[in-house]
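Visitor: coordinates only, no sequence provided:
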C-alpha cells in the first residue's frame with residue numbers, strides 16, 4: 001500500500017515566521033474583552049505542539065460588559081449611511097489583500113493548514129467584503145410593496161438592524177468563518193460580539209483589528225474568549241440574533257435556547273457530503289476534483305467530501321486515477337506553498353480520525369491509501385486516506401469524521417446513486433461530475449443538500465456569494481451569502497399609509513352594501529390580473 005509523499009521537517013517542526021513576534025501576539029491578545037487580571041489560556045501550534053498564544057479568558061461579566069459597549073456603539077453605527085459603511089468594508093478589503101502574509105502566517109500557525117488552503121480564506125474574505133460593500137444599500141433600501149387598495153394604500157417595507165449580533169465561529173476556517181458572517185452583520189448596521197474558537201482566536205482578532213484600522217467605530221465589534229460552557233449562556237442571554245458555525249449537537253442546543261428567547265438564529269452545522277461520479281464523467285478531471293474535494297485543510301472543512309459514489313462501469317479507472325493523485329500529495333509543515341496537505345488542528349481531532357479509521361478497518365474496511373498518523377512529521381499529521389468496503393456498522397459510514405478520510409462506494413444507476421447520496425441526516429454540500437452539464441445539473445437538483453457543485457468540489461457554490469449557502473436537515477438552518485445573508489440580520493417593518501378610504505364602510509353606506517361593493521371589487525381585481 002503506497003502512502004502520500006512526506007515533506008521532511010525538523011524534529012520540532014518549522015519555526016514561527018518572523019511576522020509572528022511576541023509583540024504582535026501580545027498586541028492581538030490585548031484586543032480580547034476581558035477584565036485586568038483575567039485568567040489565561042495557552043494555545044499550541046499544531047505543526048509542533050509548542051506553546052503559541054497566551055490569551056485572557058473572558059467571564060460572563062466580561063461578556064455582558066462587551067454587549068453593553070457594543071449596544072451603545074451600535075446606535076451611532078446604525079445611523080451611519082449604508083454607503084459609508086460600505087467604504088469601510090472596501091478599505092478592509094484592501095487591507096486584507098495588502099497584508100495577507102500576516103494572516104497567512106497566523107492561520108498556519110494556529111490551524112496547521114497549508115498556505116494554499118489559507119490563501120483561499122483570504123480570497124473568500126476579499127469576495128465577501130466587496131460583495132456586501134457594493135450590494136448592502138440595494139438590499140437594505142426601503143421597498144415599495146403592493147398595498148391593500150390599489151392607489152389608495154401606500155405600503156413600504158423598511159429594514160432595521162437587529163441590534164447586537166452574537167457570532168460564534170469555529171477553528172477550521174479561522175478567517176473565513178470569523179469575518180464573513182460578521183461583515184454582513186456590520187453592513188446591515190449591527191454591532192457584533194464574537195466568540196471565536198480559542199485555538200484560532202489570534203486570526204479572528206487580527207481581522208477585527210484590521211476592520212478598526214479601516215475605520216470601524218470603536219466598540220462596534222467586540223471579541224470574547226472562553227469555553228461555551230462558561231460564557232455561552234451570557235452570549236445567548238444578551239444577543240439579539242445568534243450566528244453559529246459548529247457541531248450539530250451544539251447547534252440544536254442553540255436553536256432551543258434561541259427559541260426560548262424568541263430571537264433568530266442561523267446555524268451552519270455538520271456534514272457527510274457526497275460526490276457522485278457519473279458514468280460519462282471525465283475520469284482524470286473527476287479524480288483531480290475528488291482530491292480537491294476530500295483533502296483541503298486536512299479534511300477539516302464543513303463542505304468537504306467524505307463519501308464518493310462511482311458508477312460501476314468506471315470504478316476501476318476512477319480509482320486508479322484518484323489513488324495515483326492521492327499518493328502524490330505532499331504532506332508536511334511549511335510556511336510556503338510547497339505542501340499539499342497540512343496538519344490536523346487539535347489532538348481531539350486526531351483522536352477522532354484515528355478511531356474512525358481503526359474502527360472501520362477492524363470491521364472489514366480496506367485501506368487503499370493512507371490510513372495512519374505521521375508523528376515523524378509533527379504531532380497531529382494524518383495521511384490522506386481512501387477506504388472501500390465500508391459498511392453501515394462502521395462509525396465513519398454515517399458520522400462526520402472531519403479529517404482527510406473518504407470512503408468509496410459504487411452504484412448501479414443514477415437512481416441508486418441519488419438514493420445513496422441522500423441516505424444521511426445531513427444535507428450541506430455535494431458534488432456531481434459529468435461531461436454533460438445539463439445531465440449533471442439535473443442530478444444535482446435531486447441531491448438533498450443546500451449547495452451542489454457540478455464538475456467542482458465546493459468552491460464554485462461557496463464562491464458564488466450572490467447565491468445563498470447553508471444546510472438542510474442536520475446540517476443547519478438559515479443561510480449566509482446573497483440577500484438572505486444580510487437580511488437575516490435585520491427586522492423587516494411594514495409601513496402602510498391608507499388614503500381616502502379603507503376597509504371600514506363610510507357612514508352613508510350600509511355594511512351589507514359595502515360588503516357587496518368589496519366583493520365586486522375583489523372579483524374585478526382577479527379578472528384584471530392584479531396580483
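Guide: Now that the structure is in, tell me what you want to look at. Given the structure is predicted, the values throughout are model-derived calculations rather than measurements.
Visitor: wait, isn't residue 367 in contact with residue 384?
Guide: No: contact status for residue 367 versus residue 384: not in contact, 11.4 Å apart, counting by C-beta atoms under 8 Å. All C-beta spots, glycine's among them, are computed from the backbone N, C-alpha and C.
Visitor: okay, the two: which has more neighbours?
Guide: The residue with more neighbours, out of residue 367 and residue 384, is residue 384; 25 against 18, by other C-beta atoms under 10 Å.
Visitor: show me what contacts residue 169?
Guide: 177, 178, 181, 194, 195, 196, 197, 204, 245 (C-beta atoms under 8 Å, 6 or more residues apart in numbering).
Visitor: gap between it and residue 230?
Guide: Separation of residue 169 from residue 230 (C-beta to C-beta, to the nearest Å) stands at 17 Å.
Visitor: returning to that earlier point: any chance of the contacts of residue 169 in TSV, with distance to residue 263 too?
Guide: Formatted as TSV, these follow (distance: C-beta to C-beta, whole Å):
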residue	distance to residue 263
177	21
178	21
181	16
194	16
195	16
196	21
197	22
204	23
245	17
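Visitor: following the helix or strand where residue 205 lies, which helix or strand comes up?
Guide: Residue 205 is part of helix 201-213, with elements assigned from DSSP states H and E. Using DSSP H and E, the next helix or strand after helix 201-213 towards the C-terminus is strand 221-223.
Visitor: in the stretch 1-150 of the chain, where is pLDDT below threshold?
Guide: The model of the stretch 1-150 of the chain has pLDDT under 70 over residues 1-12.
Visitor: can you list the residue ranges for strands in the stretch 151-300 of the chain?
Guide: Using DSSP state E, counting those that start in this stretch, the strands of the stretch 151-300 of the chain run over 153-161, 164-169, 191-196, 221-223, 241-245, 264-268, 273-277.
Visitor: want to throw the contacts of residue 169 into JSON lines with distance to residue 308, pLDDT and neighbour count?
Guide: Converted to JSON lines, those look like this (distance: C-beta to C-beta, whole Å; pLDDT from 0 to 100; neighbours: other C-beta atoms under 10 Å):
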{"residue": "177", "distance to residue 308": "26", "pLDDT": "96", "neighbour count": "28"}
{"residue": "178", "distance to residue 308": "31", "pLDDT": "95", "neighbour count": "29"}
{"residue": "181", "distance to residue 308": "30", "pLDDT": "97", "neighbour count": "27"}
{"residue": "194", "distance to residue 308": "36", "pLDDT": "98", "neighbour count": "29"}
{"residue": "195", "distance to residue 308": "35", "pLDDT": "98", "neighbour count": "26"}
{"residue": "196", "distance to residue 308": "32", "pLDDT": "98", "neighbour count": "25"}
{"residue": "197", "distance to residue 308": "29", "pLDDT": "98", "neighbour count": "25"}
{"residue": "204", "distance to residue 308": "33", "pLDDT": "98", "neighbour count": "29"}
{"residue": "245", "distance to residue 308": "25", "pLDDT": "98", "neighbour count": "25"}
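Visitor: how far away is the closest residue to residue 346 other than its chain neighbours from residue 219?
Guide: Distances taken as C-beta to C-beta, 6 or more residues apart in numbering put residue 199 closest to residue 346, at 6.4 Å, once the chain neighbours are dropped. Using C-beta to C-beta, residue 199 is found at 26 Å from residue 219.
Visitor: what do you get for residue 191?
Guide: In terms of C-beta to C-beta, residue 191 sits 7 Å off from residue 219.
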